[in-house]
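Q: Sequence plus predicted model, see below.
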Amino acid sequence: MSGVPYRPWSFETKVHEGAEATVSRGEWLGKPAMLKLRKPKGYRNPDLDNRLTKSRMAVEARALSRLQKRNFPSPSLFYVDHQDSLIIISEIEGLPLFEVMANGNLGEDALSRVGGIIRRLHENGVSHGDLTTHNIMIDPSGEIFLIDFGLAKISPELENLGQDLQVLNECLTASHSEYPGAIEKVVSGYISFSTSVPDVPDSGDVTLRFDEIRNRVRYLG
Ligand SMILES: Nc1ncnc2c1ncn2[C@@H]1O[C@H](COP(=O)(O)OP(=O)(O)O)[C@@H](O)[C@H]1O
Ligand SMILES: [Mg+2]
């Protein structure tokens, strides 16, 4: 080896500065990658704040590594730094579903395939926890990926699975009202792509729970 410093990460641009995380694009060992740095939220108790930040990052790393082993369409985990609350993950070369829908470029069967991917996530023993149209990506060939697993649960309860559909339902209603019937397409994909997996609630039980949650919210709201 020459005396060249070893720098596996090379930074290109910052792509997202959110309340919770900063995301940059670059390369990890020459591969297109994203560096996600979780930020403390500035709560009054800095110790608690730090613990929450670290736990979300650890949860995301754990969920991604589990999903990667099962060939699930989510980013690959390249590197984790628990001390600095950062992860480096593969770049998904696509657009958030939010933009695809806003631009009117949604393919005919895309929402049903989104439902299929959500079911596949659940059959792998993971709930997402924040399934908005910003956390679902579509690549140029139409393939669907899920990102942002900081609120995921491994071995979730039926309620967590129903909540995934409800979060997406609320997002579709609030931000994509120009697509009436969108959640019904997602739900029909969720059911039609489902198989029976030991220890995972059947798709019928999940959609029933989703209907219950939806009605609960309607009556309260
Ligand atoms: N692996 C990835 N490939 C491509 N873009 C990504 C990737 N991860 C994050 N992004 C982009 O950065 C944004 C924020 O990342 P996300 O993981 O959702 O963080 P936050 O917790 O702040 O929502 C995403 O909405 C997406 O546009
Ligand atoms: Mg996000």
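A: Perfect, I can see it now. Ligands and ions are numbered 1, 2, ... in the order given.
Q: Domain boundaries for the chain, per the record?
A: 9-90, 95-220 (automatic domain parsing).
Q: Quickly compare these and say which is most buried.
A: domain 95-220 (a mean of 18; mean count of other Cβ atoms under 10 Å). Backbone N, C-alpha and C define where each C-beta goes, glycine included.
Q: Can you give me the first-to-last residue distance of that domain?
A: 35 Å (Cα to Cα, to the nearest Å).
Q: Looking at the domains of the chain, which is nearest to ligand 2?
A: Ligand 2 sits nearest to domain 95-220 of all the domains of the chain, at 3.7 Å, using Cβ to the ion.
Q: Skipping adjacent residues, who's closest to the spatially most central residue of the chain in space?
A: Of all residues in the chain, the one closest to the mean position by Cα atoms, centre = their mean is Ile147, 3.4 Å from it. Leaving out its chain neighbours, the residue that sits closest to Ile147 by Cβ to Cβ, 6 or more residues apart in numbering is Asn135, at 5.4 Å.
Q: per-residue pLDDT, that neighbour?
A: In this prediction, Asn135 carries a pLDDT score of 98.
Q: now the helices: where do they sit in the chain?
A: 46-69, 97-102, 110-123, 158-175, 182-192, 203-220 (DSSP state H).
Q: For Glu143, find the nearest of the ones you listed.
A: With respect to Glu143, and counting by Cβ to Cβ, the nearest of these is helix 110-123 at 8.7 Å.
Q: Give me the contacts around the closest one.
A: By Cβ atoms under 8 Å, 6 or more residues apart in numbering, the residues outside helix 110-123 that reach it are 67, 72-73, 97, 100, 127-128, 131, 136, 138, 142, 144-146, 156, 161, 164-165, 168, 179, 182, 185-195, 197, 200-201, 203, 206.
Q: No more questions from me, cheers.
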